[in-house]
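*Asks:* Fold the following, please.
(one chain, ligands or ions: 1)
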Amino acid sequence: MAQYSLVSGSVGLITLKNPPVNALGAVVRHGIVDSVEKALSDPKVKSVVICGQNGMFCGGADIKEFGTDMKGPPLIPMFHSLEAANKPVVAAIEGGAFGGGLELALGCHYRIAHSKAKVGLPEVTLGLLPAAAGSQRLPRLIGVPAALNLITTGRHITAAEALQLGLVDQVADHNTVDTAVKFAQSVVGKSLDSRRISNFQCPPVPNVDVLFEEVMQKIRQTSRGAIAPIACVQAVRAAATLPYKDGLQKEKELMATLFTSGQARSLQYCFFAQRVVSRWSMPNGASWDTSKGRPIHKAAVIGLGTMGRGIAVALAQTGFSVVAVETQEKQFMDAKKAVAGMLERGAKRSGKVAAHDKIIYSQNLQAIADVDLVIEAVFEDMALKKRVFRQLSDVCKPGTFLCTNTSTLDIDQMAAETRQPELVVGMHFFAPAHVMKLLEVVYGPRSSPEAVAVAMQLGKKMGKVSVAVGNCRGFVGNRMLKPYRDQAYFLLEEGATPELIDQALEEFGFAMGAFKVYDLSGLDVGWKVRKEEGLVLPGGGSGKSARIRQGVRYSPLGDLMCEEGRFGQKTGRGWYQYDKPGSRDAKPDPWVHRFLEDYRARHGLVARRISNQEVLERCLYAMINEGFRILEDGIAAGPEDIDIIYVFGYGWPRHRGGPMFYANMVGLPIVLERLEHFAQANPDVPTLQPCNLLRKLVASGSPPISKWREAMKNVHSQL
Ligand SMILES: CCCCCC/C=C/CC(=O)SCCNC(=O)CCNC(=O)[C@H](O)C(C)(C)COP(=O)(O)OP(=O)(O)OC[C@H]1O[C@@H](n2cnc3c(N)ncnc32)[C@H](O)[C@@H]1OP(=O)(O)O
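*Replies:* Take a look at the predicted model:
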């Protein structure tokens, strides 16, 4: 609703009330229309202030209304009647004004923001554009380049930046509503013509065509197939080149295409999924609302390789005191230098002071005796990790949370080495750990809800999107990656090239195809793991058994590449060739093509033409099938958890919503039918056998993704 009151004898105060963010749902819109009518028709009222309750101006349109039969007054005429009012209307922005909330403020004659408030037009992140005239008013107010930046990125800006851009007229340090009321009184009688943004001409831009062409090109390169950023540019272009009324018509047309698009549905699903996963739960019934963490003041990082360095930086930048331990002399010296550089660069980017003083370096494990939490980041070797956990359990004070940054290994085996296994959890960061947003928090059968709560809270403080998952090989992300990568290798054997596969995946929207990722992360990493698992045979093995290991199909291609010393970017040669070791510019390599031809000839494989469609179906459906198994096993609490892990940690295109949402969009019967087809053709690839949960969902009429948790309840959980 919107509450109307008369304050200071002459100011009509309209307060938006729709907790938690005062979204512009139908009831609020009705309330605004009624309140404005009252204010404008009351002769005592000389000016109007609009604010939001509980320190929040407005989070925009009510996203939950999208996709429903939207009733109630539309936004555009409402904002026009505010702008046309013959009494000054002032927006008092506390907390934030986002999307429709900022568009409401742009319909007012003046905007006053609290110094801690943020504003933005984040519609693009929901697959939309600011279609309540925001795409037409903002460029008229702050100019085309600044508006293009805000509208195409959706970024939230501070009140200070908004003031600098001319988006707000004044910044208040204290009571914003009081300031706005006084301000509203002070402008009574002043001409309002110059305050009506829709009357403004866009500030002229030299070479407007060149500007838009450049921006469009950049966006086409970076948007990875997302349509909303492109529509945003087109809408701003309309503002820059057309009269307001025509620009508004263009905005409406563009929005009509976006509003019902699959991309908008996917992005809006991601918005809510991100919030769903923060309300974590464990199969034993423990959950975010019943489990309290403990405050963490001081943390330690053990092992200062690539991951440990990033974790130490992320902790220090969040404000924690960190003890960074590395026992090997050379690694210790290198790490100190590298961490200092990372902190400097971070400080330069954020404008904050580098947090050097937050980190104490030590080569001695005794230095961590008084920390509240440890994150172990030593080499991915179970024997080594077990030894470290035994030492940690001896050295640390009782009650210290012991976390491991393992990406695949069984955390229960590490917990078994400690005196308090209930305090052991996985904190699986993604490289580079101070940049990547995802954190998998892994609980084992003995992890206490308190330990999970601590890791989840720590992740949140560090600005990570944290997802609680169960303990199994590879957890969620890496477990699902395996069948996807297996399929990519099998496709090479059948006739594809790395370029063909990567192109199909990149056109789908992945940041990088499977083989470019291999080259980036190093082919030797997986080779070492496979050797430990007893999967690698010298020369790839021979005869029929060369392509079978432990009873299932195996491709030795990755092993053979490693035998040739082709580890990827770091050696300048991998699935692609690079100008020099460490270079990132991947070029197709004729050597790889010959290598594949020789391999096929050796194994009697006849290359066939492989379509992009087949690449996507084989790689993605195998991955999705594993996702269903993960749900079936109770490793992830719901499809949202899997999707958020893939969107934030594995380069899955957000506008496709994550693998499970994608399956829901494609249609579960289609996914099932294709998996059945591939499984029949490849009986020695068990990951292509459709799993029970998928069959069950299809048999029960393929309910929408929001109902999958219901269906999962009756399926066996391993935990
Ligand atoms: C042709 C048809 C024309 C239609 C025209 C429609 C025009 C649309 C323009 C728009 O306005 S689209 C919406 C633009 N707004 C946003 O994108 C803002 C989204 N919200 C946020 O970014 C954040 O929530 C926040 C406002 C910055 C607050 O962050 P905070 O961390 O404090 O809280 P959250 O946990 O994120 O949110 C709390 C709670 O509120 C729900 N929520 C937030 N925003 C909205 C919203 N706009 N609509 C509905 N619900 C919203 C959020 O889901 C949380 O709910 P939960 O149940 O507690 O999880």
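*Asks:* Only C-alpha atoms from now on, for both contacts and neighbour counts.
*Replies:* Fine.
*Asks:* how about stretch 258-271: buried residues?
*Replies:* Residues of stretch 258-271 classed as buried by neighbour count (16 or more other Cα atoms under 10 Å): 258-259, 262-271.
*Asks:* Make a markdown table from those residues and add secondary structure to it.
*Replies:* Listed next are these as a markdown table, based on DSSP: H, G, I helix; E, B strand; the rest coil:
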| residue | secondary structure |
| --- | --- |
| Leu258 | helix |
| Phe259 | helix |
| Gly262 | helix |
| Gln263 | helix |
| Ala264 | helix |
| Arg265 | helix |
| Ser266 | helix |
| Leu267 | helix |
| Gln268 | helix |
| Tyr269 | helix |
| Cys270 | helix |
| Phe271 | helix |
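*Asks:* Of those, which is the nearest to Ala415?
*Replies:* Distance to Ala415 across those (Cα to Cα) is lowest for Cys270, with 33.6 Å.
*Asks:* what's the spacing between that closest one and the ligand?
*Replies:* Here Cys270 is placed at a distance of 11 Å from the ligand (Cα to the nearest ligand atom, to the nearest Å).
*Asks:* next one: Glu326
*Replies:* With distances taken as Cα to the nearest ligand atom, Glu326 is found 36 Å from the ligand.
*Asks:* residues touching Ile645, list them.
*Replies:* Shown in contact with Ile645 (Cα atoms under 8 Å, 6 or more residues apart in numbering): 438, 440, 467, 476-477.
*Asks:* no no, Ala239
*Replies:* 135-137, 139-140, 202, 247.
*Asks:* and which of those is nearest to Phe678?
*Replies:* Using Cα to Cα, Ser135 comes nearest to Phe678 of the contacts of Ala239, at 47.0 Å.
*Asks:* Test my guess that the closest one contacts Lys250.
*Replies:* No. Using Cα atoms under 8 Å, Ser135 makes no contact with Lys250, being 10.0 Å away.
*Asks:* what touches both of those two?
*Replies:* Residues touching both Ser135 and Lys250 (Cα under 8 Å, 6+ apart): Ala235.
*Asks:* Tell me the one of the buried residues of stretch 258-271 nearest the ligand?
*Replies:* Distance to the ligand across the buried residues of stretch 258-271 (Cα to the nearest ligand atom) is lowest for Phe259, with 6.1 Å.
*Asks:* how near is Ser448 to the ligand?
*Replies:* 25 Å.
*Asks:* excluding its backbone neighbours, what's nearest that residue?
*Replies:* Leaving out its chain neighbours, the residue that sits closest to Ser448 by Cα to Cα, 6 or more residues apart in numbering is Glu422, at 4.9 Å.
*Asks:* How about the backbone phi and psi for the one you found?
*Replies:* Main-chain dihedrals, Glu422, degrees, to the nearest 10: phi -70, psi -10.
*Asks:* and Val27, helix, strand or coil?
*Replies:* Put simply, Val27 is helix when judged by three-state DSSP.
*Asks:* how about it, what does it touch?
*Replies:* Val27 touches 1-2, 72, counting by Cα under 8 Å, 6+ apart.
*Asks:* Could you dump those into TSV and include neighbour count and pLDDT?
*Replies:* Formatted as TSV, the contacts of Val27 follow (neighbours: other Cα atoms under 10 Å; pLDDT from 0 to 100):
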residue	neighbour count	pLDDT
Met1	19	96
Ala2	24	96
Gly72	12	93
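*Asks:* between those residues, which is nearest Arg573?
*Replies:* The closest of the contacts of Val27, once distances to Arg573 are taken by Cα to Cα, is Gly72, at 61.1 Å.
*Asks:* Skipping adjacent residues, who's closest to that closest one in space?
*Replies:* Distance criterion Cα to Cα, 6+ apart; nearest residue to Gly72, sequence neighbours excluded, is Ala26 at 4.9 Å.
*Asks:* Where does Asn18 sit: helix, strand or coil?
*Replies:* Counting by three-state DSSP, the backbone at Asn18 sits in coil.
*Asks:* same question but for Arg566, I mixed them up
*Replies:* Taking three-state DSSP as the rule, one finds Arg566 in the coil state.
*Asks:* re the thing from before, pull the number of nearby residues for the residue nearest to Ser448.
*Replies:* For Glu422, the number of neighbouring residues by other Cα atoms under 10 Å comes to 23.
*Asks:* do Ser700 as well
*Replies:* Ser700 has 10 nearby residues by other Cα under 10 Å.
*Asks:* can you tell me which residues contact it?
*Replies:* If you count contacts by Cα under 8 Å, 6+ apart, Ser700 has none.
*Asks:* just Pro295 next, same as before
*Replies:* Pro295 neighbours (Cα under 8 Å, 6+ apart): Val454.
*Asks:* Val277 versus that one, what's the distance?
*Replies:* 21 Å (Cα to Cα, to the nearest Å).
*Asks:* Next: Gly59.
*Replies:* On the measure of Cα to Cα, Gly59 and Val277 end up 21 Å apart.
*Asks:* Show me what from this structure comes close to the ligand.
*Replies:* 20-21, 23, 59-64, 98-100, 122-123, 130-132, 256, 272, 275 (Cα under 6 Å from any ligand atom).
*Asks:* Which of those fall in strands?
*Replies:* Phe98 (DSSP state E).
*Asks:* And the buried ones among the residues of the chain next to the ligand, selectable in PyMOL?
*Replies:* Selecting the buried subset of these in PyMOL, with 16+ other Cα under 10 Å as the burial test, is done by:
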select buried, resi 21+23+59+60+61+62+63+98+99+100+122+123+130+131+132
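*Asks:* Domain-wise, how is the chain divided?
*Replies:* For the chain, automatic domain parsing gives the domain ranges 2-259, 298-475, 496-602, 613-711.
*Asks:* For Pro283, find the nearest of those.
*Replies:* Closest among these, using Cα to Cα: domain 613-711, at 7.0 Å.
*Asks:* any chance you could map the helices in the stretch 501-650 of the chain?
*Replies:* For the stretch 501-650 of the chain, the helices defined by DSSP state H, counting those that start in this stretch cover 514-521, 523-532, 557-563, 590-602, 612-632, 639-649.
*Asks:* tell me which helix or strand of this protein sits lowest on mean pLDDT?
*Replies:* Every helix and strand of the chain was ranked by mean pLDDT, DSSP states H and E. The lowest is helix 708-713, at a mean of 86.
*Asks:* Report the separation between the residue nearest to the spatial centre of the chain and Gly543.
*Replies:* Residue closest to the average C-alpha location in the chain (Cα atoms, centre = their mean): Phe648, at 3.7 Å. As for Phe648, its distance to Gly543 is 42 Å (criterion: Cα to Cα).
*Asks:* same deal with Phe259?
*Replies:* Taking Cα to Cα as the measure, Phe259 falls 56 Å from Gly543.
*Asks:* and if you look at Arg553?
*Replies:* In this view, Arg553 and Gly543 are 14 Å apart by Cα to Cα.
*Asks:* Between the two, which is the more surrounded one?
*Replies:* Neighbour count, other Cα under 10 Å: between Arg553 and Gly543, Arg553 has more, with 18 against 10.
*Asks:* So that one is in contact with Lys544, correct?
*Replies:* No. With contact defined as Cα under 8 Å, Arg553 does not count as touching Lys544 (10.6 Å).
*Asks:* hmm, back to that, for the helices of the stretch 501-650 of the chain, which one ends up most surrounded?
*Replies:* Comparing those by mean neighbour count (mean count of other Cα atoms under 10 Å), helix 639-649 comes out on top with a mean of 25.
*Asks:* before we move on, the earlier item: name the nearest of the buried residues of stretch 258-271 relative to Leu523.
*Replies:* Closest to Leu523 out of those is Cys270 (31.7 Å), distances taken as Cα to Cα.
*Asks:* Now for the closest one: which residues touch it?
*Replies:* With contact taken as Cα under 8 Å, 6+ apart, Cys270 is in contact with 640, 643-644, 654, 657-658.
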